[in-house]
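Peer 1: the following comprises the amino acid sequence and a computationally predicted model.
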Amino acid sequence: MAAFSWRSWAAYRRWPQLTADPARALLATVSIVVPARDEAENLMRLLPSLLCLEPPPSEVLVVDDRSRDQTASIAAGFGMRVLASTEPPPGWSGKNWACRLGAEASSGEWLLFTDADTWHAPESLGAALSRATADGADLLSLLTGQECRSLWERLVLPFAYAHYFAAAAAEWANDDGAPSAIANGQYLLVRRTWYDRVGGHGAVRASLGEDVELARLVRRAGGRVRLYRAEALIKVRMYRSLGAIQTGFRKYMAGYLRAYPPHGALVAASTASAGLPLFWLIRAAGGRAPWWPAAAAWLVGIGGYLPWLRWFGVHPVFSLLQPLAYAVFQGIALDAGVRSLLGLRVTWKGRRYRA
């Protein structure tokens, strides 16, 4: 348990950090594509941040994915170009179809696909372009700063990150010779030539993990894929309730385990080890074991959880709830696994997909 905690935090801290480089000349044109379904509230924060980017993008396209709220009117009110998406054809996810429509209507040398729940610092686009140019990258993605405000966000998201990074490593993520690749769909900057070369979102039309799949296609075709940390430059608030966390994790978790079996096994082992405090607490409470193993396991769990809580800006007192965080996360993971094995459907923004 301690080893997994150390491995996870060390892996994340070793990840290269993206920094702003205002001195580098930037000549490329960028089209920003925002797929948006029922995102009126989030667009009120995202769009002003996109208007402040330096250098400014050549265009921002908001693809209204048949929203049931004021998504389209809010985007138009900010002066954005709004495209009305049709219902996705059979075999397409709604997001992939919206991204495809946005890419086809855009004209930039680079395409930046970003989610509606993100916020962009003014210097973020310049920093990303500078880094991509310096690295000769064909696809560059960023790890974003996660905002946690509700009880369940503070409890579950740092825990999930802690165990995800037990299997991730910058050494292979940014290695051109690695057999696979990884990316974050909240910020996906790709050269148009390479996007078209690998077939764009049409090549991953049914995937709920299209970001990772696109990165893998680019790397397998000989392109350069890079992933950097940029918590101060790009922020996101993904989920606002326990139900939203469960639905969102359910959508991605099973697909990740299938796409990366060895890494999925490490994540599963790391998460299982984090259940030791709860296991010993239950045994001690039932009189079947002394209290000292429970206390020792709980202290180790707190020690592994604390760095992530600090990084997320969550009060350290939440570390005392590590056994509860484990129980909630494991319940979500088991639900996702069962749905995947049985071929059950998951619901996301009013549409049903196979897990």
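Peer 2: Nice, thanks for sending it over. Numbers count the residues shown, from 1 in each chain.

Peer 1: how about the residue most central in space within the chain, what does it touch?
Peer 2: Centroid-nearest residue in the chain, with Cα atoms, centre = their mean: N184, separated by 4.7 Å. Applying Cβ atoms under 8 Å, 6 or more residues apart in numbering to N184 gives the contacts 141-144, 211, 227. In short, each C-beta sits where N, CA and C put it, glycine included.

Peer 1: all helices of the stretch 51-200 of the chain, in order?
Peer 2: Along the stretch 51-200 of the chain, the segments classed as helices by DSSP state H, counting those that start in this stretch run 71-77, 94-105, 124-135, 151-164, 170-173, 192-197.

Peer 1: ditto for the stretch 201-350 of the chain
Peer 2: 210-220, 242-259, 261-273, 276-285, 291-312, 322-342.

Peer 1: distance to P56 added to those helices, as TSV?
Peer 2: Output for the helices of the stretch 201-350 of the chain, formatted as TSV (distance: least, Cβ to Cβ, whole Å):
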stretch	distance to P56
helix 210-220	25
helix 242-259	31
helix 261-273	38
helix 276-285	50
helix 291-312	31
helix 322-342	40
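
Peer 1: out of the ones you listed, which gets the lowest mean score?
Peer 2: Mean pLDDT is lowest for helix 242-259 among the helices of the stretch 201-350 of the chain, at a mean of 74.

Peer 1: ok, back up a step: can you tell me which of the contacts of N184 is nearest I302?
Peer 2: I302 has its nearest neighbour among the contacts of N184 in L143, at 24.7 Å by Cβ to Cβ.

Peer 1: who are the neighbours in contact with that closest one?
Peer 2: By Cβ under 8 Å, 6+ apart, L143 lies in contact with 15, 184, 227-231.

Peer 1: hey, what's it bridged with?
Peer 2: Counting by DSSP bridges, L143 forms beta bridges with R229.

Peer 1: and the pLDDT for the residue nearest to the centre of the chain?
Peer 2: N184 is given a pLDDT of 93.

Peer 1: gap between it and W97?
Peer 2: Shown here: N184 relative to W97, a distance of 20 Å by Cβ to Cβ, to the nearest Å.

Peer 1: do P262 as well
Peer 2: 32 Å.

Peer 1: which residues does stretch 315-325 contact?
Peer 2: Contacts of stretch 315-325 (Cβ under 8 Å, 6+ apart): 154-156, 158-159, 274-275, 277-278, 281, 298, 301-302, 304-306, 309-310.
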